[in-house]
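Asker: Fold the stuff below for me.
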Amino acid sequence: MTARAAVADVAPLLLALDPPQRAALPAAAAPVLSALTDTLGLPGVSVVPDVTGLSAAELVITARLSRVDWSEPVGAVEPLPVPTVVPAADGVPLRCHLSGPADGPPVVVVSACGMPVGLISRWLDRLSREHRVLTWDSRGLFTPEFDDGATGVDTQAADLLTLLDAHGMTGAHLVGLCGGAPIALAAAARTDRVGSLSLWHGDYELGEAAPKTAHQRDVQALMTMAGRSRAKAASLHGLFRRPQALATLRADIAHHLYYPYATPELLYRYGALNGAIMTTDCRPLAAAAAQPTLVVTSGADTTAHPAGSRYVAAALPNAALVEFPTGDHLSAFDAGEDLLTLATGFIADPDPRRHSDQTDPEPR
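Answerer: Numbers count the residues shown, from 1 in each chain. Here you go, the predicted structure:
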């Protein structure tokens, strides 16, 4: 992993947090890191000798930057990609990331709310080989502008449709990951500009129709509280500054997972947006989305209950369910070769009948 790639991975955190953030790194890293942040237009990072006194955010920054050999020459530094900005219906800027051939079949990756684009890099890298791939950053979580009155699933689905219009995409395939699955469903239920969907380890509110995991219940309660007011989010945020907040985060991607908890304002906005996703009844959405759909889950997912995916697959008018015997929730973001092969196969031939016999694929 190059120093430039590591710094790019923590760029969202550096831009969101008050500078300078600290990182416990070898002293030799300081001049290299300073040159890189200057070249990439990022706030500087102060190198300190050990982790004593570092906040949770500084610890995840340290963990990511520590995976670099700072003695290696950096060489030419490629600038950070500049997102395309499209205004939403209410004027909130939507930061878009486009890749792949301009004339390729359109695919939109609807990621989990609040997650930096780096979390889905394997999806984007693979799909963009043959497809025109679009994704975007959750409204208000990567820009100063935020509309407190426009946080619902309908608004977030309308953002997706706005982006389809802005980029002239018709017949697009939507890849919905985790909390992105309800947004994809809501968009598909409202338009014929979506040709097909695949929903991966979806986090669905289904009332009494399907159980939730303890994780889903806990996060939904947290989102409801944090999204209630800025004052409430600020009072909760102290918990997320402590190193103990990182105990349940997977170390190699903690810098992505921690992002929407990094500041009180981010936590408030995340609570409002993700809380809306986690409390919106998806049963009417599943009944209304007629497009061919592949629903994927794992019996080993203890984050988003697989029963939710089973219900959605049965409720959709034209869907197939693929349930892997192994693989936790984050394996959907790891995007192993088996998942990517399944996804690209369905995008090329979105007939659920040809995939309905894949109920027990090989373990991941």
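Asker: okay, CA-based contacts and neighbour counts for the rest of this
Answerer: Will do.
Asker: Do a quick rundown of the strands in this structure.
Answerer: 21-24, 45-48, 84-87, 93-99, 106-110, 132-136, 172-177, 194-200, 293-298, 319-324 (DSSP state E).
Asker: mind checking which of these is nearest residue 235?
Answerer: Judged by CA to CA, the one of the strands of the chain that comes nearest to residue 235 is strand 21-24, at 21.8 Å.
Asker: before we move on, the earlier item: can you put the strands of the chain in a markdown table and add mean pLDDT and mean neighbour count?
Answerer: Shown next, in a markdown table, are the strands of the chain (pLDDT from 0 to 100; neighbours: other CA atoms under 10 Å):
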| stretch | mean pLDDT | mean neighbour count |
| --- | --- | --- |
| strand 21-24 | 98 | 22 |
| strand 45-48 | 98 | 18 |
| strand 84-87 | 98 | 14 |
| strand 93-99 | 98 | 19 |
| strand 106-110 | 98 | 26 |
| strand 132-136 | 98 | 23 |
| strand 172-177 | 98 | 26 |
| strand 194-200 | 98 | 26 |
| strand 293-298 | 97 | 26 |
| strand 319-324 | 96 | 23 |
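Asker: Nearest to residue 60, out of these?
Answerer: strand 21-24 (8.8 Å).
Asker: Which other helices and strands does the longest helix along the chain contact?
Answerer: Counting by DSSP state H, the longest helix found in the chain is helix 264-279. For helix 264-279, the elements it packs on are helix 153-166, helix 214-226, helix 230-241, judged by 3 or more CA pairs under 8 Å, 6 or more residues apart in numbering; DSSP states H and E.
Asker: and with 10 Å instead?
Answerer: In terms of contacts (3 or more CA pairs under 10 Å, 6 or more residues apart in numbering; DSSP states H and E), helix 264-279 is packed against helix 153-166, helix 180-190, helix 214-226, helix 230-241.
Asker: okay if I get the strands of the chain as JSON lines plus distance to residue 15?
Answerer: As requested, the strands of the chain are exported to JSON lines (distance: least, CA to CA, whole Å):
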{"stretch": "strand 21-24", "distance to residue 15": "10"}
{"stretch": "strand 45-48", "distance to residue 15": "11"}
{"stretch": "strand 84-87", "distance to residue 15": "17"}
{"stretch": "strand 93-99", "distance to residue 15": "15"}
{"stretch": "strand 106-110", "distance to residue 15": "23"}
{"stretch": "strand 132-136", "distance to residue 15": "17"}
{"stretch": "strand 172-177", "distance to residue 15": "25"}
{"stretch": "strand 194-200", "distance to residue 15": "30"}
{"stretch": "strand 293-298", "distance to residue 15": "34"}
{"stretch": "strand 319-324", "distance to residue 15": "38"}
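Asker: any idea how far the nearest residue to residue 334 once chain neighbours are set aside lies from residue 128?
Answerer: Spatially, and ignoring its direct neighbours in sequence, residue 334 is nearest to residue 122 (6.9 Å; CA to CA, 6 or more residues apart in numbering). According to CA to CA, to the nearest Å, residue 122 and residue 128 sit 10 Å apart.
Asker: neighbour count winner among the two?
Answerer: Neighbours per residue (other CA atoms under 10 Å) separate residue 122 from residue 128, with residue 128 holding more: 21 against 16.
Asker: What does the pLDDT read for the residue lying closest to the more buried one once chain neighbours are set aside?
Answerer: Using CA to CA, 6+ apart and skipping residues adjacent in sequence, the residue nearest residue 128 is residue 100, 4.1 Å away. If you check residue 100, the pLDDT there is 98.
Asker: hang on, isn't residue 100 packed against residue 123?
Answerer: No. If you go by CA atoms under 10 Å, residue 100 and residue 123 don't touch, sitting 11.9 Å apart.
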